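Participant: Kindly return the folded structure for what I paste below:
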Amino acid sequence: MKKKIFGVLGLLLFLCMAACSAAEEDISIETVDYHALAAYEETYIGNNSDVGAILTKLPGSNALVETSLSKGNLIVHYDTNKIDKQNKNAWYNKQLEIQTVFLHNILYLSALITNEENITLTLNNDETNYKIELSSSDLERFLDIDLAEKINHEQEWNSYLEEALRADNQQELVKKFPLQVQ
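Facilitator: Below is the predicted model:
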């Protein structure tokens with residue numbers, strides 16, 4: 001009987017440690033779970049728990065410190081000081097990768113959240129503050145696409161993201177919606 005109890009306790013301890021270490025790992029663009037995010041299609045600003053759940057499934061979730069939702073505006077703050085083990089080669093220490101992650105996240109947020117009008121993403125790291133701000137309607141007009149419709153088809157969505165985030169296409173987005181560096 002004692003062996004069973006110790007076995008169960010050992011298993012619980014192992015599961016807790018595994019869950020804690022998994023929670024500390026950041027999600028990358030390559031590891032985003034389309035199906036987990038597609039479950040939040042047609043989310044509304046006002047449904048804070050669903051918007052929060054979307055953000056925890058996108059890159060940067062381990063640096064997420066604050067979200068503000070009001071009147072169609074979504075403001076998301078990331079801060080690398082929240083991360084215990086900072087990696088000099090991580091996305092949040094390279095301007096081009098910050099830009100790519102921000103554009104990736106904005107495409108998902110625009111596709112999944114029905115009533116957002118403006119999206120602002122900011123990142124504070126040791127040396128610099130980054131910010132991008134845009135309206136979804138301007139983004140969709142510029143891209144000439146209905147993101148909410150496009151996300152309905154996994155393969156088509158993944159191909160679209162890959163194409164949109166390719167360096168030459170990304171530069172066109174950045175010209176229209178620049179990453180502000182302070």
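Participant: Give the helix, strand or coil label for the residue nearest the centre of the chain.
Facilitator: Central residue of the chain (Cα atoms, centre = their mean): Leu58, 3.0 Å from the mean position. Following DSSP: H, G, I helix; E, B strand; the rest coil, we place Leu58 in the coil state.
Participant: contacting residues for the nearest residue to it once chain neighbours are set aside?
Facilitator: Leaving aside its chain neighbours, Leu58 sits nearest to Asn105 (4.9 Å; criterion: Cβ to Cβ, 6 or more residues apart in numbering). (C-beta placed from N, C-alpha, C; glycine too.) Neighbour list for Asn105: Leu58, Pro59, Gly60, Val76, Leu121 [criterion: Cβ atoms under 8 Å, 6 or more residues apart in numbering].
Participant: repeat for His35
Facilitator: If you count contacts by Cβ under 8 Å, 6+ apart, His35 has them with Glu154.
Participant: distance of it from Gly46?
Facilitator: 24 Å (Cβ to Cβ, to the nearest Å).
Participant: which element is Glu172 on?
Facilitator: Per DSSP states H and E: Glu172 is located in helix 167-176.
Participant: looking only at pLDDT, what's the mean for that helix?
Facilitator: In this model, helix 167-176 has a mean pLDDT of 88.
Participant: and if you look at stretch 118-136?
Facilitator: Per-residue scores along stretch 118-136 average to 92.
Participant: Show residues contacting that stretch.
Facilitator: Applying Cβ under 8 Å, 6+ apart, the set of residues contacting stretch 118-136 is 60, 63, 72-81, 86, 92-93, 95, 98-99, 102-103, 105-106, 109-110, 116-117, 147, 177-182.
Participant: could you redo the last one with a cut-off of 6 Å?
Facilitator: Stretch 118-136 has contacts (Cβ atoms under 6 Å, 6 or more residues apart in numbering) with 73-80, 92, 98, 102, 106, 109-110, 116-117, 177, 179-182.
Participant: mind listing what's buried in the strand or helix carrying the residue nearest to Leu58?
Facilitator: Assigned by DSSP H and E, Asn105 belongs to helix 95-112. By neighbour count on 16 or more other Cβ atoms under 10 Å, the buried set for helix 95-112 is 97-112.
Participant: Pull out the buried residues from the helix or strand following that helix.
Facilitator: Where DSSP H and E defines the elements, the next helix or strand beyond helix 95-112 is strand 118-124. For strand 118-124, a neighbour-count test (16+ other Cβ under 10 Å) marks Ile119, Leu121, Thr122, Leu123, Asn124 as buried.
Participant: Report the beta-bridge partners for the last one.
Facilitator: The one in question is Asn124. Beta bridges link Asn124 to Asp79, Asn129, judged by DSSP bridges.
Participant: In contact with the nearest residue to Ile54 once chain neighbours are set aside, which residues are there?
Facilitator: Nearest residue to Ile54 in three dimensions, chain neighbours excluded: Tyr40, at 5.0 Å (Cβ to Cβ, 6+ apart). The contact partners of Tyr40, by Cβ under 6 Å, 6+ apart, come to Asp50, Ile54, Leu112.
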